[in-house]
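In: quick one, what's the 3D model for this:
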Amino acid sequence: MTHSTVAPLSSPKLPPLEYESRGLEPPRERSPHDKFRARSPGPPRSPKRPESTSTGPKPTRDSISSGVSGTADPYGEWVAHVPVPLYEQTGAVNVPVSEHCLEDAQFVHGEEFITMRYTPVTVGPNDFSSKYTLRSHRLRERDPKVAVVLTMYNEPDDLFCKSFIALAKNIAWCCSPDSKYNWGPDGWKDVVIVVVADGREKINQRVLTALGVQGVYVEGLMKTTHDGKDVTMHMFEYTTQVFVDRDLTVRTAKDGLPPVQVIFMLKEKNAKKINSHRWFFNGVCKQLQPEVCMLVDVGTRPSKSSILELYRAFDSNPRIGGACGEIKVDLGYGWRHLLNPLVAAQNFEYKMSNILDKSFESVFGYISVLPGAFSAYRYIAIQNTPLDRYFKGESLHSGVVDITTSNMYLAEDRILCFELISKYKEAWLLKYVKSARADTDTPASLPELISQRRRWLNGSVFATFHAITWWTQIFRSNHSPARKALLVVQMLYNLINLIFSWFNIANFFLSFYFLFEVSGQQGDASSPFGSAQTVVGQLLVQLYVFVLITQFVASLGNRPQGSAILYYSTSGILVIIMAFMIFLGGWAIAQSFRSYQAFLDVSPGTNAALGFFIFFFTDPTFRDVLVSLLATYGLYIISSLLHWDAWHCLTSMIQYLLLLPTYINVFQVFAFCNIHDISWGTKGDNLPSAAVADAKQKQSQPAATGGPIVIKDNPGSSSYGPRMSLLDKDDLEALWHKHHHQLEFNRANPADEEDKPVVDEKTRNEDYFKLYRTRLVLAWLVTNFAIMIVFTSQTIRDAIGASSTKAGPDGKLIPRVNPYLTFLFWSVVVLSSCRFIGSVVYITTWWMEQSADDKAWKWEQQRDQGDQEREGLSQA
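Out: Here you go, the predicted structure:
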C-alpha cells in the first residue's frame with residue numbers, strides 16, 4: 001500500500017531543481033489509491049496553457065525586485081512583456097520576498113517561492129470562489145489531498161508556532177522515505193495550510209512577526225477598501241521554506257522541512273470561529289476541492305504522522321465521512337504540568353474519553369463529537385445539508401431568537417456529526433483513529449476551566465437532545481438495516497446517559513449519604529468514626545448542602561474570574577468530601593472482607609472459592625460496592641492496559657477522583673445557571689482601526705433646516721495653543737431654528753403624555769433567556785431535590801419499602817443496602833460494561849487492521865523489488 005511510485009522508463013525522472021532550471025513542471029506522482037478518490041464537481045480548472053509565443057525572458061527574483069516584474073496570465077504563468085504588475089480587478093499584488101526567505105531553501109525559482117501575493121477580498125466567504133482564484137488553484141496539476149485550516153483569535157506566538165511547525169513536520173513525514181505510506185518527495189504539493197485569524201485588531205502582533213519572518217505576511221499592504229468596497233478579509237499566499245519553532249528559532253530545509261503552501265486569511269472583523277470555518281469550507285475548499293479537510297486550533301500540536309494517519313483512514317475506506325484522532329493534554333517537559341491537579345485531572349479525563357468513549361462510539365460508526373481542535377472530514381461528505389446546518393449557528397449567534405437552538409449550536413461540531421451520519425440517501429460513517437495523536441493546552445486555573453465547561457456542557461446537553469429527538473432521520477440514510485439498528489441502540493444508550501446526567505447532583509449526594517449509612521450499620525464497634533459516626537456524618541452532609549447552595553448563589557451572576565477565591569474554596573471542600581467517600585468505600589469493602597472471614601470461620605470445611613461465591617451473593621453490601629468499584633476504576637485500568645496506554649492511571653487517577661465532585665457540583669451548576677449566556681468568550685470590537693482606516697469627512701448632525709452644520713477652523717487662532725472652532729452667523733441661526741422646532745414639539749407633547757419607553761428586541765431576548773434559565777434551573781432543582789428528600793427521609797423510605805433495615809429469618813431487623821443505591825451501583829456496572837466491551841472490540845479491530853496493513857505493505861515492497869530486479873535484467 002505504498003504511496004510512492006516508480007517513474008516509467010519512457011519518462012525518466014529528473015532532479016527537482018533540474019525541472020525548475022528548465023522552467024518545467026515536475027511530473028506528479030500519484031498514489032495507487034487515487035482511483036478510490038470520489039470527487040464532487042467543483043469550479044472549472046484553468047485549461048492547459050498553449051505554447052507561449054512570448055519571446056521575453058521568464059522573470060527572476062532579481063528582475064521582480066528591480067521593478068521589471070510581469071503579471072500572471074489566466075494559466076498561472078508569468079509573461080515578462082506585460083506591463084501591468086497587478087490584478088487590477090481583484091487588487092491582488094505580488095510582492096518579492098526577502099532574500100533571507102530563500103537562504104538554505106530547496107527551491108529558489110518559481111513564482112510561489114520568490115513572491116508573496118496579497119489580495120484584499122471584498123466579498124463574503126460564500127462568494128469568494130466566484131470572484132477570486134487562489135494561487136494554489138492556478139498552478140497546474142496541483143490537486144491537493146488535504147487542506148488544513150488553522151484557526152486563531154488572539155493566541156500568543158509560541159502557541160501559533162507550536163501548531164504551525166507541527167503541521168510542517170507532518171508534511172515532511174508525508175514526503176519522507178522513512179514513512180511506509182509516503183507520497184514521494186513532492187508530497188508537499190498535496191497539502192495546503194490555511195491560517196484564518198479572527199479579526200485584524202484582535203490578532204496578536206507577535207504572530208504577525210512570526211508570519212513575516214516566514215515570508216507569509218508583509219506589513220503595510222493591507223487596506224480597508226478596494227474599488228469603493230469594504231475589505232472583508234486580507235489574504236496572503238506564499239509557499240514558505242522558512243519556519244519558526246515554538247522557542248522562536250528559525251528552521252529551514254536544513255532541518256528536514258519541505259516547502260509548505262500557506263494561505264493566510266486575516267479577517268477584517270471578529271466574527272467568531274464558525275465564520276473562520278465558513279471561509280475555509282465555502283471559500284477555499286470550494287475552489288481547491290481537496291479530498292480531506294482537517295481542522296486544527298492554534299495551540300494543538302499534531303504528532304508527526306497525524307495527517308498521514310487520518311488521510312489513510314479515508315483512503316482505505318471510502319465510506320468514512322469524518323475521523324478524529326486522540327487529543328491529549330500537553331504535559332510539558334518532564335510532565336511538569338502534572339504538578340497542577342487541574343491539568344492532571346483533565347489528562348485522565350481526556351485519556352479515558354479516548355480509550356472508552358471514542359472507541360465505543362467508533363464501533364457503532366457514529367462518534368457524537370469530532371473535536372474541532374483536531375478532526376478531519378471528507379469534503380464531498382459534508383457538502384450541502386451537513387454544512388448548511390453547521391453554519392446555521394453563525395446567524396443564530398448574531399441575532400438570537402431561540403435559546404434551545406442557540407445553546408445547541410454552542411456544540412456545532414456535534415450537529416455536523418449527526419447530520420453527516422444521517423445524511424439523506426447516503427451512508428457515511430465516523431471513525432476514531434488511535435494512531436493519530438495531538439496534544440493541546442488545557443486551562444490551568446479553575447475559573448478558566450469553569451468558563452470552558454459552561455459552553456461544553458450546555459452545548460453537549462442540547463445537541464444530544466437534538467440528536468435523540470430527531471433519531472428517525474437515521475432511516476432516511478442509505479445505511480444497511482444492521483447499521484441502522486446499531487445506531488438506534490446507540491441513541492438509546494445516549495438517552496440513558498442524558499437522563500443520568502440530569503440527576504447527577506442527586507445521585508452523587510445520595511451515594512455520599514448512603515456510604516455513611518452503610519459504614520455505620522454494624523454498630524459503633526465497626527464504624528470508622530466509632531461513637532461519633534452519626535455526628536460526623538451529619539456535619540459532612542450539612543456541609544455538602546451548604547456548599548451546594550453556595551454554588552448556586554455564586555453561579556447566578558458572578559464570573560468565575562471575579563469570584564476565584566469562592567470557587568477555589570468550594571472546590572477544596574468538595575475535595576475533602578470526596579476523600580471521605582473514597583475512605584468510606586474502602587472501609588465498607590474491608591468490613592465486608594472481615595465478615596467473609598467470619599463466615600469461613602463458622603463454616604468449617606468450606607472451600608475458600610466456594611465460600612467467596614456464596615458470600616458474594618448473600619452479602620449485598622459487599623456485592624454492590626465491590627462490583628461498582630470494579631466496573632468503574634477496575635475497567636479504567638484494564639482498558640488502559642489493553643490500549644497499551646496506562647501511565648495516566650498512575651499519574652492522574654487520584655487527582656481526577658478527588659476533583660470528581662467539582663465536575664458535578666461546580667461545573668454543571670454553573671453551566672445550567674448560565675444557560676442564558678450563549679457567548680463564546682471571544683467578543684471583539686468590530687470597529688475599523690484608525691491606523692489603517694480610510695480618511696472620512698466628519699460632519700455634524702443635520703440641523704432643522706436640513707443642511708449640515710460644519711464646524712470651521714478659526715484661521716486666526718494662535719499657533720501656540722490649540723486651534724479653536726467658531727460658529728458663523730448661519731450656523732447660529734441654524735442652531736436656533738433647531739431648538740425652536742424642538743420647543744414647538746415639546747409644547748405639543750407634554751411630558752406626562754409622552755409614550756412610554758419601548759423595550760427593544762435585544763432586551764426582550766435577554767428577558768426571555770433569563771426566564772428560560774430560571775424555569776430550567778427550578779425544574780432541575782425540584783427533580784433532584786425531590787429524589788434527595790425521598791431517600792434521606794426515614795418516614796418516606798419506610799412507606800415506599802426503601803428502608804435501611806429489613807426483617808431477618810428470626811424476625812429481627814438487620815441492615816441492608818438502600819435499594820436506590822443498589823440501582824445506582826448496578827446502573828454504573830451496565831453502562832461501564834457497554835463502554836468496556838466497545839473499547840475491546842475497537843482495539844481488537846484496530847490491531848487486526850494494523851497487521852493487515854503491514855502485511856500488504858511488505859508484499860508491495862517485495863513486488864516493487866522484484867519489478868526492479870526484472871527491469872535490471874531486461875536492461876542488461
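In: quick one: residues contacting Phe667.
Out: Leu449, Ile450, Arg453, Arg454, Leu457 (C-beta atoms under 8 Å, 6 or more residues apart in numbering). Every C-beta, even on glycine, is put in place using the N, C-alpha and C of the backbone.
In: check Ser362 too.
Out: Contacts of Ser362 (C-beta under 8 Å, 6+ apart): Leu430, Lys431, Tyr432, Tyr842.
In: element containing it?
Out: helix 359-364 (DSSP states H and E).
In: so how far is the strand or helix carrying Tyr238 off the chain centroid?
Out: When elements are assigned from DSSP H and E, Tyr238 belongs to strand 233-240. The chain centre lies 24 Å from the centre of strand 233-240; the measure is C-alpha atoms, centre = their mean, to the nearest Å.
In: related to what we said a few turns ago, nearest to Ile367, of the contacts of Ser362?
Out: Leu430 (4.3 Å; C-beta to C-beta).
In: what are the phi and psi values for that closest one?
Out: As for Leu430, its main-chain torsions (degrees, to the nearest 10) stand at phi -110, psi 140.
In: circling back: could you identify the helix or strand that succeeds the strand holding Tyr238?
Out: With DSSP H and E, the next secondary element past strand 233-240 is strand 243-244.
In: for that next one, packing partners?
Out: helix 157-175, strand 250-251 (3 or more C-beta pairs under 8 Å, 6 or more residues apart in numbering; DSSP states H and E).
In: immediately after the last one, which helix or strand?
Out: Spelled out, it's strand 250-251. strand 260-267.
In: run through the neighbouring helices and strands of that next one.
Out: helix 157-175, strand 191-197, strand 233-240, helix 272-278.
In: okay, the angle between it and helix 157-175?
Out: 140 degrees (axes from the mean of the first three to the mean of the last three C-alpha atoms, to 10 degrees).
In: count of residues packed around Val777?
Out: 18 (other C-beta atoms under 10 Å).
In: what of Leu139?
Out: 19.
In: that older thread, which one of the helices and strands packed on strand 243-244 lies closest to Met222?
Out: Judging these by C-beta to C-beta, what sits closest to Met222 is helix 157-175, at 18.7 Å.
In: which strands and helices lie in contact with the closest one?
Out: By 3+ C-beta pairs under 8 Å, 6+ apart, helix 157-175 packs against strand 146-152, strand 191-197, helix 205-213, strand 243-244, strand 260-267, strand 292-297, strand 300-302, helix 306-316.
In: and the closest residue to Ile307 other than its chain neighbours, how far from Arg437?
Out: The shortest distance from Ile307 to any non-neighbouring residue, by C-beta to C-beta, 6 or more residues apart in numbering, is to Asn170 (4.2 Å). With distances taken as C-beta to C-beta, to the nearest Å, Asn170 is found 11 Å from Arg437.
In: where along the stretch 301-450 of the chain do the helices fall?
Out: 306-316, 341-352, 359-364, 379-382, 385-390, 392-398, 403-408, 412-421, 446-469 (DSSP state H, counting those that start in this stretch).
In: least confident of these, on average?
Out: Sorting the helices of the stretch 301-450 of the chain by mean pLDDT places helix 392-398 lowest, at a mean of 70.
In: which one of the contacts of Ser362 is nearest to Val292?
Out: Of those, the one sitting nearest to Val292 (C-beta to C-beta) turns out to be Lys431, at 12.4 Å.
In: give the contact list for that closest one.
Out: Ala313, Asn317, Ile320, Gly322, Ala323, Ser362, Gly365, Ile367.
In: distance check, the residue nearest to it when sequence neighbours are not counted against Ala376.
Out: Of all residues not flanking Lys431 in the chain, Ala323 sits nearest, at 4.6 Å (C-beta to C-beta, 6+ apart). Distance of Ala323 to Ala376, given as C-beta to C-beta: 5 Å.
In: need the overlap of contacts for these two.
Out: With C-beta under 8 Å, 6+ apart as the test, Ala323 and Ala376 both reach Leu310, Ala313, Phe314, Leu370.
In: ok, and the most crowded of those?
Out: Going by other C-beta under 10 Å, Phe314 tops the shared contacts of Ala323 and Ala376 with 28 neighbours.
In: related to what we said a few turns ago, and Asn170 and Arg437? Which one has more around it.
Out: Comparing Asn170 with Arg437 by other C-beta under 10 Å, the one with more neighbours is Asn170, at 25 against 19.
In: wait, what's in contact with that one?
Out: Val191, Pro302, Lys304, Ser305, Ser306, Ile307, Leu308.
In: pull the contacting residues for the nearest residue in space to Ser460 that is not next to it in sequence.
Out: Distances taken as C-beta to C-beta, 6+ apart place Ala411 nearest to Ser460, at 5.3 Å, with adjacent residues excluded. Contacts for Ala411 (C-beta under 8 Å, 6+ apart) come out as Val369, Arg455, Trp456, Gly459, Ser460, Phe462, Ala463.
In: equivalent analysis for Ile415, please.
Out: By C-beta under 8 Å, 6+ apart, the neighbours of Ile415 are Arg389, Tyr390, Lys392, Gly393, Met408, Tyr409, Ala463, His466.
In: quickly note the distance from it to Thr405.
Out: 10 Å.
In: Trp188 now?
Out: 42 Å.
In: local confidence estimate at Ser827?
Out: Reported pLDDT at Ser827 in the predicted model: 87.
In: pretty sure it is touching Asn497, no?
Out: No - applying C-beta atoms under 8 Å, one finds Ser827 not in contact with Asn497, separated by 10.4 Å.
In: quick one: which two of the contacts of Phe667 are the most distant?
Out: Checking these with C-beta to C-beta, the most distant pair is Leu449 and Leu457, at 11.7 Å.
In: and the two most separated of the contacts of Ser362?
Out: Pairwise distances across the contacts of Ser362 peak at 12.7 Å for Leu430 and Tyr842 (criterion: C-beta to C-beta).
In: of those two, who's got more company?
Out: Leu430 (26 against 23).
In: out of Trp188 and Thr405, which sits in the more crowded spot?
Out: Trp188 (22 against 16).
In: OK, contacts around that one?
Out: Ile171, Cys174, Cys175, Pro258, Pro259, Val260, Gln261.
In: and the closest residue to Phe113 other than its chain neighbours, which of the three is it?
Out: In this structure, Phe113 finds its nearest non-sequential neighbour in Phe107, 4.8 Å apart by C-beta to C-beta, 6+ apart. Assigned state for Phe107: coil (three-state reduction, DSSP: H, G, I helix; E, B strand; the rest coil).
In: Phe107: neighbour count?
Out: 18.
In: circling back: how far away is the residue nearest to Ile307 from Pro185?
Out: 16 Å.
In: just give the closest residue to Arg278, not the sequence neighbours.
Out: Nearest non-adjacent residue to Arg278, counting by C-beta to C-beta, 6+ apart: Pro125, 4.6 Å away.
In: actually Arg455, not the one I typed
Out: In space, Arg455 is closest to Leu410, 5.0 Å off (C-beta to C-beta, 6+ apart).
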